[in-house]
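A.B. asks: only the shape, not the letters, is given here:
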């Protein structure tokens, strides 16, 4: 069917977009564009899920696309961008262990290793030749790349973005290889939202004294006004 | 060598000579527009080159024959390299013309002599420009080679003509998007554009390309400027005809070539506007952060090679 072939081609293009956004997330120092890159990556995942739904017709894919669209491309980026505006940090120029160039080179090696390992594992199965194999490779690599962002960045807010990228990798892997039950997908997303809220508190407060921290919490309406002391 | 190839050589060279200064002006115009200035008229670069061609050449008493031959070597190497990249019409391959490795070495030859001429006059600006250019080249050259190797892997040929005729025949490869980004970065680096070098200024300590040609004057300067413009056009043509090859003529008909030339003008105009906007949206990078930019091109093209080799 030419329609399915066209959709598969579209998925290949979306894979390329995911690679580009992942490379951008690893190497950029500008926080605002980091969040936009994450939102774009999530949107790409939504589109992949939609294309898969059009090929396979499983309703769970549609549900995943819908919930990802709402949480990952709208709510979480909006929340993080908001926090960023409040804490007035525009750049993340501090790195642990790896600078962006090394991270890029390392992620290349990761993709290669994952590719070879998976092709050995899937040797002889029918999935080896198809799109699903490459989706799985990309999913695992994206997970590793997110992990790299998490440990190579110093700021809490970029660590969270690394974690979110990791979750995108899990989702991508789940879309292509093992269909996760929808309830787990849903729970993961709730976890993500709670994580983002927690990070907001940590990012705003960790570098201050206790009193100052309270004041800041009030400023961002994170605790009730009545708790305020004299 | 058949008649159509001779015709191709004449047509391609004339086209590239005629169009090259236009894109330089267009990029300047776009940059001026984003800064709220009117900018120079579109034909300004032609006027500058004509004016420079009429002026006399002044040589520093310290300079040697290097200074005298460099503009000609640079121009000749770039013009021959321009033959390797068909702008509008892709003929049958003849001899080694179109070979990707030779193409890279021709560009490197022009660059090498430009750097030597920068050192030759003995001015400190020229020396610094040459030193920087060579440091950057030492880092970008492996990346460039990897990018072109990836192209060779994707198209299964070493000839640029072969790549263009494959891509003109409708070649569906999503990996070409990655190659496009890598090639774009190479255009920016090779033609000394903004995150790497600032083409606008003769007055900064950070200048690279302008530093090297600071001692050139008269028609020699005109040749250097024109060869830089042609290099930009050739690299742009490479990117355009690989990624958006529609309209590219593969048979020799007057109407087809004319249409292809007009289409190329439009596509290259759009690319020039994109380059101008890209330059305006960036500030010049610190010298030691440049490898980060190159690593991006390296990353994408190596990924393409991995995909092509293992699948």
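C.D. replies: That came in fine, so what should we check first? The shown structure was predicted, so the numbers you read here are calculated from the model rather than taken from an experiment. Numbering: from 1, shown residues only, chains lettered A, B, ... in the order given.
A.B. asks: and the helices in the stretch 201-311 of chain B, which stretches?
C.D. replies: B:209-212, B:218-243, B:254-280, B:290-310 (DSSP state H, counting those that start in this stretch).
A.B. asks: helices and strands around the second one, which ones?
C.D. replies: So that's helix B:218-243. helix B:3-34, helix B:44-54, helix B:65-83, helix B:100-120, helix B:160-168, helix B:175-190, helix B:254-280 (3 or more Cβ pairs under 8 Å, 6 or more residues apart in numbering or on different chains; DSSP states H and E). Every C-beta, even on glycine, is put in place using the N, C-alpha and C of the backbone.
A.B. asks: how about the last one?
C.D. replies: Packing partners of helix B:290-310 (3+ Cβ pairs under 8 Å, 6+ apart): helix A:2-27, helix A:100-121, helix B:124-155, helix B:175-190.
A.B. asks: and what of the longest one?
C.D. replies: Applying 3+ Cβ pairs under 8 Å, 6+ apart, one finds that helix B:254-280 contacts helix B:3-34, helix B:175-190, helix B:218-243.
A.B. asks: could you check the angle the second one makes with helix A:2-27?
C.D. replies: Read that as helix B:175-190. In terms of direction (axes from the mean of the first three to the mean of the last three Cα atoms, to 10 degrees), helix B:175-190 departs from helix A:2-27 by 40 degrees.
A.B. asks: other residues contacting helix B:175-190?
C.D. replies: A:13, A:16-17, A:19-20, B:107, B:136, B:140, B:143-144, B:147, B:150-151, B:154, B:167, B:193-196, B:231-232, B:235-236, B:238-239, B:242-243, B:275, B:278, B:293-294, B:296-298, B:300-301, B:303-304, B:307-308 (Cβ atoms under 8 Å, 6 or more residues apart in numbering or on different chains).
A.B. asks: quick one: name the residues of the stretch 51-200 of chain B near chain A.
C.D. replies: Residues of the stretch 51-200 of chain B found near chain A (Cβ under 8 Å from any Cβ of the partner chain) are B:172, B:174-175, B:177-178, B:181.
A.B. asks: if we go to 6 Å?
C.D. replies: Proximity of the stretch 51-200 of chain B to chain A (Cβ under 6 Å from any Cβ of the partner chain) is limited to residues B:174, B:177-178.
A.B. asks: can these go into JSON lines with extra columns for neighbour count and pLDDT?
C.D. replies: What follows is these, written out as JSON lines (neighbours: other Cβ atoms under 10 Å in any protein chain shown; pLDDT from 0 to 100):
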{"residue": "B:174", "neighbour count": "17", "pLDDT": "77"}
{"residue": "B:177", "neighbour count": "18", "pLDDT": "85"}
{"residue": "B:178", "neighbour count": "25", "pLDDT": "87"}
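A.B. asks: so which of those is the closest to residue B:15?
C.D. replies: residue B:177 (27.3 Å; Cβ to Cβ).
A.B. asks: before we move on, back to that, winner for burial among the helices of the stretch 201-311 of chain B?
C.D. replies: helix B:209-212 (a mean of 25; mean count of other Cβ atoms under 10 Å in any protein chain shown).
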